[in-house]
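>>> need a structure here:
(2 chains)
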Amino acid sequence: MNKWKSVMLPLVTAAMLVTGCSGGNNTSTPPAATGTSGGDAAATAGAKQEHTFTALLDNNATFPYSKDWPVWGWIKDKTGVTLEVQTPSGKLAEALNLAVASNVLPDLMYMPNRKESNKFGQQGALIDLMEYMDKLPNLSAWMKQYPDEAKAALSADGKMYMFPNQGFGETNRMIWMYRQDVFEKEGIKAPATYEELHTALKTLKAKYPDSYPLSVRYGQIPDEMNMSMTVNYETGEGAYYDFDKKEWRYGPTEESYKEMVGRWKQFYDEGLIPPDFLSLQTKQWQDMVSTGKSFVTVDYISRVDFFNNAMRKENPEFNMQFMAPPAGLPGGKQLNPYFHYMEGGLTVASTSKNIEDIMSYMDFFYSEDGRTLSSWGVEGETYVKEGSAIKFKPEFTDVIEMRKQTGLQTSGTYTWIDFDAHLSLFSEDLKHAYEEAVNYDPANMQPRPAFTEKENEVISITGQAIKKHRDESFAKFVTGSRKLADWDKYVEEMNNLGVDKLLETYKEAYDRVQNIQLSSN
Amino acid sequence: MAQPSAVQDNLRKELKNPYRRKGRRLRTWHHNKALWLLFLPCLLYYLIFRYAPMFGLVITFKDYNLFKGIWASDWVGLKYYRMFLENPDFWPLMKNTLLLGLYKLVFGFPAPIILAILLNEVRKATFKKFVQTVSYLPHFISNVIVASMVIMFLSPTGGLINNLLGTFGIGPINFMNEPGLFRGIYVLSEIWQHIGWETIIYLAALTAIDPQLYEAADMDGASRMRKIWHVTLPGISPAIVITLILNIGKVLEIGFEKVFLMQNPAIYDTADIISTYVYRVGMEQGNFSYGASIDLFMGIISLIFIYSANYISRRVSETSLW
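Model (predicted):
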């Protein structure tokens, strides 16, 4: 409390002085914001008014916050804004709760996910950005360009409490990976279907009897694993929207889901996956993959480099590569789940004294100029132009090092990212994986409608009971403590727990969001 | 302990001479000023950090809005309590929580007593110190580490225990996939983790036993077992009863963290307890009111437990908490 006050008081007074002096002409001078061309922003840069905002930003252990990062200087040159940054001493969510409960809110707050920002927003702690769209011309233009992403950023009451992110989510991709060297050595070709996957795994098991050819981190990241598994069978791990039939469906009671369970049971029975895959720890999984006890896995895309970099030192042959996702159903599509979106983002406190100035500041990040700055940095300092193409200067070879040195792409310094900036610093293998992975994206991102508090209660009580029964039954079917012949009974049990009620909730929330007109303002 | 007779004496004197009462009170105040001053920080601590936060429990009857604060939030009555009781998982959760707590009490409670008695019989001081140190080290390992250690040791793919069983020709057992084994594994790991730490209190109680009692028993020709039975055990029985009562109060308070880290969907049957449920439903959703009401609910049941245990103990033996 005291600490905040000592920071806030001088800041608030300073800010009031600044805004007070500028008074009326402040509203009539947003020339930099209206243009999509970057040139005039630079022209007015010299005349920028200086502002200081307080901010609570997330801190990453790999590139801990530093106020000496050049990125802050670059942002200040363009916008005139200095951020007085606080980082959470423990978990971000706890720091946020504390800030909200104490009612001493920093101007800008980084929230880990939209559920959180919607909750605080509906409680009145955050600004609804939709009310300030006239101050956010670049964001408005961005929203017209990406209506789906914009709608996903809305809360149940059609308000927008968090600045939407784009581009950065690419790092969240999940892919299938395989040991290309082992497959080539044994003369096995990369499988395109689960049938071929089964044959490949069996061949490998015969050659390496003490291996478990397919190993996944199910115990550690069950939700992600469920999504990866079900998308291969063109169903969902829970309630999902079927874009072809235009309806909400429930995956785990569908026939294709049963197919999937049957296939994993087969893998389990034949020893193709570790018998304890349900409780496998990350370390165990890593050991299995790196010591040649597993040859196929599903995980975050960056694991390509993670394994190759570590293993090639001892075993130059070691070659972990992208594998096309196998199709589960005969004649089915080869798909990866749609994970490449970003949940976190910046929010503005409703108690802030500088709301309008913050809006002009944040709007900069949705301009081409802002996008280039937050993705690549500054020309001459971090990147060079070759024709129309942008390239990092040669001293930057590694994404993490680049972020550590410049502060680029760290919490609070971006909203809209050109992912090529990331891509250009990746290894050839990882670049290849990214290029390939795009080909197996689902046509649409699953809608993520925001729920009202009443709906959230249904999701948390009924949804939780259903989810628990689903997980428990999946485990039992696969390990054989329940017979697959019991499937119909299982479907009945699930329905009795309230699957219909759950679907109805999703449908209502979805329809409500669909009916919101983004362009109405 | 105040001497009752002295208190009564004072009272009698005061009643006889009402005019002196006030002066007397002042004089005791002056007399004990230093003691009061010493007690003040303790009193403040309890008032500020233990009693004041209890008013926060009103959020269990409110639709708690973090931004508006506790008092401005809307009243919802018993909504959250009803939500919990009407939950289809309520009884299985209750059963799992109670059974896990009970197992831990039945098997976990006597373990440190036995170890303390055994250590007491050890004559070699260096060996005793060694055992004590080794046995209380696990207490300082964090639950995250302990849970991963348990899972890795028990893994059927290269886990220590299964390798050991393998040498005896016992096929790999998928320990963490068997609902029937979870309670045993949990309780054993709890004992391993805390046995050394919990012996400390009994070892302290043991030092208070008068050595003359042992000498007298020796004179009477008592064997070692007899001495344990008739001297050692009665000597530490007050400590045992007190810790037992305290432990009964904790039956429902099973460590959330460890169970959560050890469970997986295959063993929800036995491993899903109230606190892990609260985490999945309450905390992940940020529903503080719901989480707090379940907590209060459990707290009240624990109070009933501890109160009845104390009542029984007061009736049966002379030792009790109050």
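
>>> tally of neighbours for residue 93?
If you meant another chain, say so; for now it's chain A. Counted with other C-beta atoms under 10 Å in any protein chain shown, residues neighbouring residue A:93 total 15. To be clear about C-beta, it is placed using only N, CA and C from the backbone, and glycine gets the same treatment.

>>> to clarify, I was referring to chain B.
Neighbours of residue B:93 using other C-beta under 10 Å come to 20.

>>> residue B:275 versus that one, what's the distance?
9 Å (C-beta to C-beta, to the nearest Å).

>>> likewise for residue B:217?
Distance of residue B:217 to residue B:275, computed by C-beta to C-beta: 47 Å.

>>> these two: which is more packed in?
Neighbour comparison, residue B:217 and residue B:275: the larger count goes to residue B:275, with 23 against 17 (by other C-beta under 10 Å).

>>> excluding its backbone neighbours, what's nearest that one?
Among residues not flanking residue B:275 along the chain, residue B:256 sits closest, at 3.8 Å (C-beta to C-beta, 6 or more residues apart in numbering or on different chains).

>>> quick one, what contacts the one you found?
B:273, B:275, B:276, B:279 (C-beta atoms under 8 Å, 6 or more residues apart in numbering or on different chains).

>>> didn't the second one look like it was pressed against residue B:258?
Spelled out, that is residue B:275. No: using C-beta atoms under 8 Å as the test, residue B:275 is too far from residue B:258 to be in contact (10.4 Å).

>>> if you count neighbours, what's buried in stretch A:452-471?
Using 16 or more other C-beta atoms under 10 Å in any protein chain shown as the test for burial, stretch A:452-471 gives A:452, A:455-471.

>>> just those that are near chain B?
By C-beta under 8 Å from any C-beta of the partner chain, the members of these lying near chain B are A:456, A:457, A:459, A:460, A:461, A:464, A:465, A:468, A:471.

>>> could you dump those to a markdown table with secondary structure and pLDDT?
Supplementary listing: these in a markdown table, determined by DSSP: H, G, I helix; E, B strand; the rest coil; pLDDT from 0 to 100:
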| residue | secondary structure | pLDDT |
| --- | --- | --- |
| A:456 | helix | 83 |
| A:457 | helix | 81 |
| A:459 | helix | 86 |
| A:460 | helix | 80 |
| A:461 | helix | 82 |
| A:464 | helix | 86 |
| A:465 | helix | 88 |
| A:468 | helix | 91 |
| A:471 | helix | 93 |
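
>>> of those residues, closest to chain B?
Comparing those against chain B with C-beta to the nearest C-beta places residue A:471 closest, at 3.6 Å.

>>> residues contacting the closest one?
When contacts are counted by C-beta under 8 Å, 6+ apart, residue A:471 touches A:222, B:265, B:268.

>>> burial count for the second one?
Using other C-beta under 10 Å, residue B:265 has 25 other residues around it.

>>> that one reaches residue A:278, doesn't it?
Yes: in this structure, residue B:265 is within contact of residue A:278 by C-beta under 8 Å, at 6.3 Å.

>>> overlap of the contact sets of the two?
Taking C-beta under 8 Å, 6+ apart as the contact rule, the neighbours common to residue B:265 and residue A:278 are residue A:475.

>>> bridging residues for residue A:85?
residue A:55 (DSSP bridges).

>>> how near is it to residue A:410?
Distance, residue A:85 to residue A:410, by C-beta to C-beta: 11 Å.

>>> anything in contact with each of those two?
residue A:65.

>>> show me what from chain B comes close to chain A.
Residues of chain B lying near chain A (C-beta under 8 Å from any C-beta): B:65-69, B:83, B:87-89, B:148, B:151-152, B:155-157, B:172, B:174, B:176-177, B:264-266, B:268-269, B:272, B:277, B:280-282, B:284-287.

>>> show the buried residues in these.
The neighbour count (16+ other C-beta under 10 Å) marks B:65-68, B:83, B:87, B:89, B:148, B:151-152, B:155-157, B:172, B:174, B:176-177, B:264-266, B:268-269, B:272, B:277, B:280-282, B:285-287 as buried among these.

>>> helices of the stretch 1-150 of chain A, residue ranges please.
Assigned by DSSP state H, counting those that start in this stretch, the stretch 1-150 of chain A shows helices spanning A:2-22, A:31-34, A:39-44, A:70-79, A:92-102, A:114-122, A:137-145, A:147-152.

>>> weakest of these by average pLDDT?
Of all these, mean pLDDT reaches its minimum on helix A:31-34 (a mean of 40).

>>> point out where the stretch 151-300 of chain B drops to low pLDDT.
Scanning the stretch 151-300 of chain B for pLDDT under 70 picks out the ranges B:282-286.

>>> can you get me the start-to-end distance on stretch A:248-256?
End-to-end span of stretch A:248-256 (C-alpha to C-alpha, to the nearest Å): 16 Å.

>>> list the contacts of it.
Applying C-beta under 8 Å, 6+ apart, the contact partners of stretch A:248-256 are A:230, A:233-242, A:257, A:328-329, A:470, A:474, A:490-491, A:494-495, A:499, A:502-503, A:506-507, A:510.

>>> name the nearest residue to residue A:113, ignoring sequence neighbours.
With sequence-adjacent residues excluded and distances taken as C-beta to C-beta, 6+ apart, residue A:113 is closest to residue A:343, at 4.1 Å.

>>> pLDDT wise, what is the one you found at?
84.

>>> which ones are touching it?
Residue A:343 makes contact with A:112, A:113, A:114 under the criterion C-beta under 8 Å, 6+ apart.

>>> which of these sits closest to chain B?
Among those, and counting by C-beta to the nearest C-beta, the member closest to chain B is residue A:113, at 10.3 Å.

>>> how about the residue in the stretch 101-250 of chain B that chain A sits nearest to, what does it touch?
Nearest residue of the stretch 101-250 of chain B to chain A, counting by C-beta to the nearest C-beta: residue B:176, 4.3 Å away. By C-beta under 8 Å, 6+ apart, the contact set of residue B:176 is A:276, A:278, A:279, B:151, B:154, B:155, B:182, B:185, B:262, B:264, B:266, B:267.
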